[in-house]
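# structure for this input, please:
(2 chains)
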2 protein chains.
Amino acid sequence: MRSCEILSVGTELLLGEIVDTNAPFLSRELAALGIPVLYRGTVGDNAQRLGEEVRRALRRSDFVILTGGLGPTADDLTKEVCAAQMGFSLVRDDRALAQIRDFFARRGSEMPASNLKQADVPDGGTVFYNAHGTAPGMAMERDGKCLILLPGPPHEMQAMFRESVLPFLAAKDMGVIASHTVRTMGIGESALAEQVSDLLEGSNPTVAPYAKMGEALLRVTARAQTDADAQALMQPVLAEIRNRLQPYIYGIDTDSIQQAVVYALAEKKLHIATAESCTAGYIAGRIAQVPGASAVFDWGVVTYANTVKQNLLGVQAQTLKTYGAVSAETAREMAAGALERSGADIAVAVTGVAGPGGTEQKPAGLSYIGVADRRGVEVTRFETGRDDREYNRNVTASRALYLAWRRIQNIGEDK
Amino acid sequence: MRSCEILSVGTELLLGEIVDTNAPFLSRELAALGIPVLYRGTVGDNAQRLGEEVRRALRRSDFVILTGGLGPTADDLTKEVCAAQMGFSLVRDDRALAQIRDFFARRGSEMPASNLKQADVPDGGTVFYNAHGTAPGMAMERDGKCLILLPGPPHEMQAMFRESVLPFLAAKDMGVIASHTVRTMGIGESALAEQVSDLLEGSNPTVAPYAKMGEALLRVTARAQTDADAQALMQPVLAEIRNRLQPYIYGIDTDSIQQAVVYALAEKKLHIATAESCTAGYIAGRIAQVPGASAVFDWGVVTYANTVKQNLLGVQAQTLKTYGAVSAETAREMAAGALERSGADIAVAVTGVAGPGGTEQKPAGLSYIGVADRRGVEVTRFETGRDDREYNRNVTASRALYLAWRRIQNIGEDK
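Numbering: from 1, shown residues only, chains lettered A, B, ... in the order given. Model (predicted):
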């Protein structure tokens, strides 16, 4: 098992201007390959500090993957610093140059002169040509250590990793880490952990709880020589977790609650409709994240104003007047109206207070979620307990999707 | 000027299971305080490696802020490791304990025994009580070095930073870094950089370009003893940037294009409506991110299916048949229909191919964006050039918002 370390390069990262999604991506990919990542670091576009970090990483890890700093500007120093560190000289690469020129030509423009230096690669290293941008990636190996340099833009980096770096790494001999993620909703992280506290003590497989935007997850991980051996180690533990937490589990290795919803709908050949007030598009947007969503979802409305709830969903003026827009009664009529007007098999409707601010009676984070199908409407009162607009909209959308998913489970079974 | 370093603690980070938003948040807050962050690191819940990282950080930085690992489980070691490193012993804190018990009581449950250890704090350190969760934060100071420990959940960490750590840090004497971000759309990062290449050479203020999900940004940053001095240094540079890039700039220090749209609508007392096919809720969802959006937005529809485009928007069957759902003509009728049916002042409609996959004629990433107001409808063909569903949906939503923003600029001016 060889160790790896990830270094993200860029002053914009240290300033917090962008969130680093490259390092988590690489962490997941390397874990799947059985390569443990024990450290990650971030350093700015500064030759001295970058050099120090590269030296230190090479001392304690076999592989170091760097992302960023391969661009055309004078700031971009990663390649130069790494080549100096590993004793490689840089040479112009004709194929990389042709690709860069071609990249600009396809966009109908000339290659700016500043991009020329992106075609320089380490003499004697491995070049990863870039089909999705201008900077080639590269690997430099010496004395059993290996530096891998990848461009910073996530889509270029991810494509290059999958197309070029995976085959490069696969040639090396390694064990395997396998893992499964058990996803639950409707139970807190602490309560979840207590229910499986004895399982958290294990070392292979390990079981680790964590919380994520209104969800509680359990990650089960095993190490072995082969994937089959790792899977065999995990089976009894997964069975026990399923046994103890059944009512809360909406999926194992499911990407997300919206994926669970779309797959469940597709399996039963059902359509869903959405009617959103406070979440305003987040439920529809999440459903449509799942490729193939168009087979199960074709009707959604965002109804912020009362008149729009009346016009698009048929909510009664009297209901809005008597109970208010944020009420169980309004959620019920929104869901029923969405079901009827869309012709879908199930409809989910949300009305609530996203914040910032609310009242004592209707605080930020309060919502009513209606789920309607041919059997009727169920309304659930939900409170996040926070005055955070984005959090409330996201977590409320998740909860609405979860309630829809639960309802989909028994559609057709009572007929 | 004292230096700071950020250490994110948690095996789930190294496994890539969650994306670290704490470090970028802290980076931004510290930059605003004038405290440079030169390194960031991530380490797992492992006493030995965490101890090494803390020692190294303390050697090269005056302040080290750690997030994560203050939870109730056996995995959570940050406090213990840091106290040992700094020579502090841990003592039970009655106020922290009362707050933790109260946190559970408000949720109608008993405090699990495992949470008891969260009430332990360093004897002689500073405690940051947690009004939003269970783990108190803390600071330990010795020999001019300072460790600050904050809980991992972002909302707890952010609230604690603002409520407790800022006043703690403000007591120290520091200079100021100020910065402004110029946000543009419709121009690539390289082209943008070439237009201001001479300005990128400056050292105080510095000007740095970067790209972000279909946008190109310029960050202008100055250091001085006071904020007023820093602002004065930046003014001529900002004026020059405005002068050269005017047509592309939609805001300076604007949070996002959706904020620019909502503010522009509010200023002119206009309402917007949305009709979305491929973006399916992303435009509505982004508009509603802006607090106060309900004053300018109350009607939105998600129309995946052709029949729904006909029913909710009045798109002609003949148009769909002749030109297809992804066409300029359909976008035009969607926008016109949304304007009419919503009664809004401006409507934005999108139809396109999110992917994965498309055809040669209608590749993934192709969309038609219609913007309608009382003067008529304008349709723009837009291509992202990528087969990446989430990227396409996000970037297309951004572009639609930008086109709406441009249209809002001159509403009323030609009357």
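
# so what pLDDT did the most centrally placed residue in chain A get?
Closest residue to the average C-alpha location of chain A: A:D255 at 8.0 Å, with C-alpha atoms, centre = their mean. In this model, A:D255 is scored at 87, pLDDT.

# state the distance from it to B:M185.
For A:D255, the distance to B:M185 (C-beta to C-beta, to the nearest Å) stands at 30 Å. Backbone N, C-alpha and C define where each C-beta goes, glycine included.

# surely A:E29 meets A:F161?
Yes - when contacts are counted by C-beta atoms under 8 Å, A:E29 is listed as touching A:F161 (6.3 Å).

# who has more neighbours, those two?
Counted by other C-beta atoms under 10 Å in any protein chain shown, A:E29 and A:F161 do not tie: A:F161 has more neighbours, with 23 against 19.

# how near is that one to A:L30?
According to C-beta to C-beta, A:F161 stands 10 Å off from A:L30.

# returning to what we had before: and the residue nearest to the centre of chain A, that's in a helix?
No - the assignment for A:D255, made by DSSP: H, G, I helix; E, B strand; the rest coil, is coil rather than a helix.

# could you find the closest non-adjacent residue to it?
Spatial nearest neighbour of A:D255, excluding adjacent residues (C-beta to C-beta, 6 or more residues apart in numbering or on different chains): A:V290 at 7.9 Å.

# let's verify the one you found: helix, strand, or coil?
With three-state DSSP as the basis, A:V290 sits in coil.

# what about A:I252, neighbour count?
Using other C-beta under 10 Å, the number of residues around A:I252 comes to 14.

# does it really touch A:H180, like I thought?
Yes - assessed by C-beta under 8 Å, A:I252 is found in contact with A:H180 at 5.6 Å.

# any shared contact partners between these two?
In terms of C-beta atoms under 8 Å, 6 or more residues apart in numbering or on different chains, A:I252 and A:H180 are both contacted by the residues A:L238.

# hmm, back to that, where does the residue nearest to the centre of chain A fall, phi/psi-wise?
Main-chain torsions, A:D255, degrees, to the nearest 10: phi -70, psi -40.

# from B:E5, how far out is it?
34 Å.

# again, but for A:V220
33 Å.

# A:E52 now?
For A:E52, the distance to B:E5 equals 13 Å [C-beta to C-beta].

# of the two, who's got more company?
Neighbour comparison, A:E52 and B:E5: the larger count goes to B:E5, with 23 against 15 (by other C-beta under 10 Å).

# count of residues packed around the nearest residue to the more buried one once chain neighbours are set aside?
Nearest residue to B:E5 in three dimensions, chain neighbours excluded: B:S61, at 3.9 Å (C-beta to C-beta, 6+ apart). Neighbours of B:S61 under the rule other C-beta under 10 Å: 22.

# residue ranges for the strands of the stretch 51-200 of chain A, please.
A:63-67, A:90-92, A:120-122, A:126-128, A:137-142, A:145-150, A:176-185 (DSSP state E, counting those that start in this stretch).

# need these in TSV (columns: mean neighbour count, mean pLDDT and distance to chain B).
Listed next are the strands of the stretch 51-200 of chain A as TSV, based on neighbours: other C-beta atoms under 10 Å in any protein chain shown; pLDDT from 0 to 100; distance: least, C-beta to the nearest C-beta, whole Å:
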stretch	mean neighbour count	mean pLDDT	distance to chain B
strand A:63-67	27	96	12
strand A:90-92	14	95	20
strand A:120-122	22	96	17
strand A:126-128	19	96	19
strand A:137-142	21	96	18
strand A:145-150	24	96	15
strand A:176-185	21	85	8
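
# now those in JSON lines, with distance to A:W405?
Formatted as JSON lines, the strands of the stretch 51-200 of chain A follow (distance: least, C-beta to C-beta, whole Å):
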{"stretch": "strand A:63-67", "distance to A:W405": "36"}
{"stretch": "strand A:90-92", "distance to A:W405": "54"}
{"stretch": "strand A:120-122", "distance to A:W405": "49"}
{"stretch": "strand A:126-128", "distance to A:W405": "41"}
{"stretch": "strand A:137-142", "distance to A:W405": "40"}
{"stretch": "strand A:145-150", "distance to A:W405": "37"}
{"stretch": "strand A:176-185", "distance to A:W405": "9"}
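
# quick one, which of the ones you listed is nearest to A:N22?
A:N22 lies closest to strand A:63-67 among the strands of the stretch 51-200 of chain A, at 4.4 Å (C-beta to C-beta).

# correct me, but A:Q316 touches A:T330?
No - A:Q316 lies out of contact with A:T330 (C-beta under 8 Å); the separation is 9.1 Å.

# neighbour count for those two, which is higher?
With neighbours defined as other C-beta under 10 Å, A:Q316 and A:T330 compare such that A:T330 has more, 26 against 14.

# do you know how far that one is from chain B?
Using C-beta to the nearest C-beta, to the nearest Å, A:T330 is found at 15 Å from chain B.

# quick check: closest non-adjacent residue to that residue.
A:T330 sits nearest to A:T351 (C-beta to C-beta, 6+ apart), 5.3 Å away.

# now A:R49
Per C-beta to C-beta, 6+ apart, closest to A:R49 is A:V43, 5.3 Å.

# near the one you found, how many other residues are there?
With other C-beta under 10 Å as criterion, A:V43 counts 27.

# can you map out the helices along the stretch 101-250 of chain A?
With DSSP state H, counting those that start in this stretch applied, the stretch 101-250 of chain A shows helices at A:154-160, A:166-170, A:189-195, A:227-245, listed in chain order.

# for A:Q99, which of the strands of the stretch 51-200 of chain A is the nearest?
Closest to A:Q99 of these is strand A:126-128 (C-beta to C-beta; 10.4 Å).
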